[in-house]
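> below are the sequence and a predicted model for it; my questions follow.
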Amino acid sequence: FVISAVCNYLMNYYITFASSESHTQTFPKFIGVAAFGLMLNVTLFSLFLLIAHYLVAQLFATLITLCTNFILHKYWIYRSSR
């Protein structure tokens, strides 16, 4: 998990968002968003599981979490200060 998270952070920092912010600013935010994303996914999955099959529940929870994480990455973690 740790190796995956570090690779995710570095690829987002250098490739996806080409950030110019310092790692001391972006990495703590990344950890917070990762933790929030985990909590969001678990919560949404639990709620959707009350009304849908577990595969459908996981699909919707994952899609919502994916979109939320992308928005937080783009507009908060790696935003350009220009």
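Right, received. Where do you want to start?

> need the contact list for the residue nearest to the spatial centre of the chain.
The geometric centre of the chain, computed from its C-alpha atoms, lies nearest to residue 69 (CA atoms, centre = their mean), at 3.3 Å. By CB atoms under 8 Å, 6 or more residues apart in numbering, the contact set of residue 69 is 33, 37. Every residue, glycine included, has its C-beta placed from N, CA and C.

> same check, this time on the one 10 residues further on
Counting by CB under 8 Å, 6+ apart, residue 79 makes contact with residue 21.

> which SSE is it in?
Per DSSP states H and E, residue 79 falls between elements, in no helix or strand.

> torsion angles phi and psi at it?
Dihedral angles of residue 79 (phi, psi; degrees, to the nearest 10) stand at phi -60, psi 150.

> how near is it to residue 28?
To residue 28, residue 79 is 15 Å away according to CB to CB, to the nearest Å.

> hang on, the earlier thing: distance between the helix or strand encompassing the residue nearest to the centre of the chain and the chain's centre?
Here residue 69, judged by DSSP H and E, is contained in helix 54-72. Here the centre of helix 54-72 is set off from its chain's centre by 10 Å, with CA atoms, centre = their mean, to the nearest Å.
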